[in-house]
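In: give me coordinates for this.
(one chain, ligands or ions: 3)
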Amino acid sequence: MSNQHTYRAEKVVQRIEQLATITEERGCVTRRFGTPAFIEGAALVKEWMDQAGLQTKIDSIGNVRGRWQSNHSGAKTLVIASHIDTVVNAGKYDGPLGVIMAIDLIEQIKSKNISLPFSIEIIAFSDEEGVRFHTTFLGSQVITGSFNHEWLQKKDADGISMQEVIEGFGKNGTTLAQDAIPPNEWLGYFEMHIEQGPILYDKNIPVAIVLSIAGQKRIAVTLNGMAGHAGTVPMDKRSDALTAAAECILKIENYAIQQKESLVATVGTLQIPHSAGNVIPGEVHFTIDIRSGDKNFLNEATSSIHSICNEVVTKRNITIQWQLVQETDPVATDKNLKHLLRKAITESDIPVVELVSGAGHDAVPVARIAPIAMMFIRCFKGISHNPLELAAPEDIAQALKVADAFMENLIDHYSSFS
Ligand code: HGY
Ligand code: MN
Ligand code: MN
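Out: Ligands and ions are numbered 1, 2, ... in the order given. Below you'll find the model as predicted:
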């Protein structure tokens, strides 16, 4: 590995560590959309983009954007992006790695003083995870013009609306539409991201090409039974919302295990309002995250899981509210961009691995209006959404080498037209 790539990778890791010190909670990494920690982290990323000589701004949904304008008339825009919001108690690499590597990539190209045949815009998206308002891809949906203005009224767990959060960082929901990049201006989209799975780790290969990204549905479930005295209500006279939820959750897991070749389903949150040790739970809220690479099967599996829950609550004399909060179809990456990325990997003497992404990414809303490409970078045992998340500097160096070659291929390809 060249010293240059090793040095650049070490600088990427330093920035990863620096950004990770900016968090809502000491002792772990949490930077949810629109929080003071998020705003501070965005300012740091904007500083790095300024240092790279880009035209920078923070847009009305909090995306941090750095643009290198081509002087070719009619030049389209290549967006290189990922996200800087995190889940709760997150790893340091999920999102920030792709943004920080993108800034390094541009610095590298700028040092060559070439005439860029297309514009490049680096974007640090503000809400890929959807942790605060349970609507993922807020930043990329603004960029692609698919943001639903009704979401502005959504409230977080503290009753604060999205509109208030946006006003809190000095922006205004009425200008969201102006922040979109019109479909005809897109050349394409490129995202670098840790794999968040174990395949590259097991194969001992540093990077992979993403073939497609699984579709997902997020469901919010409320079960209502009858709160009661833990000491006086006989066991056969209860409508216990928590035991009903427990039976639903285990049956959902069992169903997904039976369909494990093409499905994952996860109950990631469970809330018991007004809970107390001596009270039979009368109300429970939980969320179901259902994913599949096959759109029809995703729909089929979701209705099967709904039926499973209905059967459980009927026999337990519980009522159920089932709300589809968010859904995205599976998307495929672009064959021309895949070809250039495959070429770059081969030129870097790395075996070509092609993977389907079970994780969602900001590339999903972009795929609706522009060609997308994604490159995965190996992470330690595939661990992610966990403080143990880690990408080795030598893998980042290899990924930078591939990304350099990919950008050269793109620039050569489009220079021949302009
Ligand atoms: O949940 C996901 O797939 C991503 O981490 N937002
Ligand atoms: Mn991510
Ligand atoms: Mn994530």
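In: now do the same for the closest residue to residue 180 other than its chain neighbours: helix, strand or coil?
Out: Excluding the flanking residues, the one nearest residue 180 by C-beta to C-beta, 6 or more residues apart in numbering is residue 145, at 3.8 Å. In this view, the C-beta of every residue, glycine as well, is placed from N, C-alpha and C. In three-state terms, and counting by DSSP: H, G, I helix; E, B strand; the rest coil, residue 145 is coil.
In: what's the local residue count around residue 145?
Out: Using other C-beta atoms under 10 Å, residue 145 has 16 other residues around it.
In: so it makes contact with residue 177?
Out: Yes - assessed by C-beta atoms under 8 Å, residue 145 is found in contact with residue 177 at 7.1 Å.
In: low pLDDT regions in the stretch 301-418 of the chain?
Out: 418 (pLDDT under 70).
In: what are the phi and psi values at the residue nearest to residue 180?
Out: Taking degrees, to the nearest 10, you get phi 70, psi 20 for the backbone angles of residue 145.
In: what's residue 409 in contact with, if anything?
Out: Taking C-beta atoms under 8 Å, 6 or more residues apart in numbering as the criterion, residue 409 is in contact with 340, 343, 344.
In: report how many residues lie close to the nearest residue to it once chain neighbours are set aside.
Out: In this structure, residue 409 finds its nearest non-sequential neighbour in residue 340, 4.3 Å apart by C-beta to C-beta, 6+ apart. Neighbour count of residue 340, defined by other C-beta under 10 Å: 21.
In: may I see the buried residues of stretch 101-116?
Out: Residues of stretch 101-116 classed as buried by neighbour count (16 or more other C-beta atoms under 10 Å): 101, 102, 103, 104, 105, 106, 107, 108, 109, 116.
In: hang on, the earlier thing: next, the contact list for the residue nearest to residue 180, please.
Out: Applying C-beta under 8 Å, 6+ apart to residue 145 gives the contacts 177, 180, 182, 183, 369.
In: now do the SS call for the nearest residue to the fourth one once chain neighbours are set aside.
Out: Of all residues not flanking residue 183 in the chain, residue 369 sits nearest, at 4.2 Å (C-beta to C-beta, 6+ apart). The three-state label for residue 369, taken from three-state DSSP, comes out as coil.
In: residue 369 touches residue 187, doesn't it?
Out: No - counting by C-beta under 8 Å, residue 369 stays clear of residue 187, with 11.9 Å between them.
In: quick one: name the residues of the chain near ligand 2.
Out: Neighbours of ligand 2 within the chain, by C-beta under 5 Å from the ion: 94, 95.
In: just for the chain, where's the confidence low?
Out: Regions of the chain meeting the criterion pLDDT under 70 cover residues 418.
In: returning to what we had before: make CSV out of the contacts of residue 145 and add distance to residue 388.
Out: CSV is the format used below for the contacts of residue 145 (distance: C-beta to C-beta, whole Å):
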residue, distance to residue 388
177, 40
180, 37
182, 41
183, 40
369, 36
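In: ok, and the most crowded of these?
Out: Ranking those using other C-beta under 10 Å puts residue 369 first, with 19 neighbours.
In: quick one: it and residue 181, what's the gap?
Out: Distance, residue 369 to residue 181, by C-beta to C-beta, to the nearest Å: 9 Å.
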